[in-house]
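In: Return a 3D structure for these sequence lines:
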Amino acid sequence: TLYAFADGSSPASHEYWRLDTLPFNTLSAQEACGRVVEELDQDFDALNATGKTFILDLTGGYDSRANLGFALRKLKKFETTVSGLAQDEDVVLSSALARRFGLKHTVIPFARQDDPGQVKQLAASVLLTDLEYDIVEYSKVYNAQSQFDSLHQPSVHGSGGGDIARNIILRPEYCETTPDGRLVVEPLIAQRFRNLIPETFGQPGLPIADWVAHMRARIAEHDVPHLPAYVRLDIIYLRMRMQFWQGRIGSSTNRFRSSFSPWTNRRVLEAMLTTHWKERDHQMLSRLFLRALHPDLSRVDVARGEPAGPSFWDVVRGMPRRLRYFAGRLSARRGWARTTPADPAIYRHLIPRWEEIMEHVLRPDAISALIATGGPATQPQVLGRLVTLAHTNDSLNAPFS
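Out: Next comes the predicted model:
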């Protein structure tokens, strides 16, 4: 929807696009790949015409690698960056890609817990996420996106619709009988929209007494019940995860510097959304993008051992990393791998800002509910749950990676 604001009057609105009216399940993967490549070639041509040096967020995943493919084809001046530790998979794989193509590549280490800069970023993350997004993860993105010149080095990132191309939201547990059937909401909430709000906020008498009911209401704002499950899942994921949660990550870049996500191009989204859902399975559409853009993009593993290209040999090439990934998952489930708890001290800065935070967090009616239970007296409890949130950070990140 477009909104036009004028002094002294309510904004006028015009709805220019409705997701539920698209011709779903009509394009082949090859047709969609051709349309997306043609469309984004034009977008990257337009970026190149600015003469700026672009900073590409490059991880071990599909979307940022596809961005690299378009940049190799169309941009004269760009470099890449990644956040993390030297041993992190994203750092290892992105660095390997940068070496293969001879690119300037900057690795931004995560801020230390006692870093005053991280303290400020965490505080800002609370205000920008309504606590419906992991504030620790958000603060890392916030840090990475403020490292470069705001005007002369615009960011090109994968935030947007890349998850739609990979069809990662379509799972059998979310569909009754088949993807053409009904949507099953409870496992969708439990796995894709886990409670990132501290548990103190989920007790009777406090703002969100029933997280599942809260998320069901949020989903109902965007759901289209008369459509099959595979369409409803795409729409819910695009509107809730990408537009609101991921959009907040985008806003952390837009707030300080120019940024661009190719995958939010309307015609690109339409092509991906209307591709046969069976042909998007196993990341096939993203794998077709990489082969179409540059053959070398499929010769370096994708994170978690996912195949980088559409051929059988691409699957074989990634098999060792895939086996290591599943071995790690099994180890974590059996308790062999332990995560290091976050230092509770990093949250102490929230106490003096609590009144400001509460003006922005959750829902307006949630504020009155909190005040009714004692308001500031609940601060120690809430801060204690924020620490628990940080302790479970690794497991919470998994469904959103």
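In: which regions of the stretch 251-400 of the chain sit below the pLDDT cut-off?
Out: 251-257, 329-400 (pLDDT under 70).
In: Could you list the residues in contact with the top helix by length along the chain?
Out: Counting residues, the longest helix found in the chain (DSSP state H) is helix 29-48. With contact meaning CB atoms under 8 Å, 6 or more residues apart in numbering, helix 29-48 is reached by 27, 54, 70-71, 73-76, 154, 156, 165, 260, 262, 265, 267-268, 271-272, 274-276, 279-280, 284-285, 288-289, 292-293. C-beta: built from backbone N, CA, C; applies to glycine.
In: Could you do stretch 3-13 as well?
Out: So stretch 3-13 is in contact with 1-2, 14, going by CB under 8 Å, 6+ apart.
In: For Ile55, see how far away the nearest residue to Ser258 once chain neighbours are set aside is.
Out: The shortest distance from Ser258 to any non-neighbouring residue, by CB to CB, 6 or more residues apart in numbering, is to Pro154 (3.7 Å). From Pro154 across to Ile55, the span is 7 Å (CB to CB, to the nearest Å).
In: neighbour count winner among the two?
Out: Ile55 (25 against 20; other CB atoms under 10 Å).
In: Show me where the stretch 51-200 of the chain has its strands.
Out: 54-57, 78-83, 105-108, 155-156 (DSSP state E, counting those that start in this stretch).
In: what helices or strands is the shortest one leaning on?
Out: In terms of contacts (3 or more CB pairs under 8 Å, 6 or more residues apart in numbering; DSSP states H and E), strand 155-156 is packed against strand 54-57, strand 259-260.
In: Please work out which of those strands is packed deepest.
Out: Of all the helices and strands packed on strand 155-156, strand 54-57 has the most neighbours on average by mean count of other CB atoms under 10 Å, namely a mean of 24.
In: What lies in contact with that one?
Out: 47, 64, 67-68, 71, 75, 77-82, 144, 148, 153-158.
In: Please list all residues in contact with His294.
Out: Neighbours of His294 in contact, by CB under 8 Å, 6+ apart: 69, 72-73.
In: How about Ile235?
Out: Ile235 neighbours (CB under 8 Å, 6+ apart): 19-20, 222-224, 227.
In: min pLDDT across these, which one?
Out: Lowest pLDDT of these: His222, 88.
In: any idea whether it is helix, strand or coil?
Out: coil (DSSP: H, G, I helix; E, B strand; the rest coil).
In: same thing with the one 4 residues further on?
Out: With three-state DSSP as the basis, the three-state label of His226 is coil.
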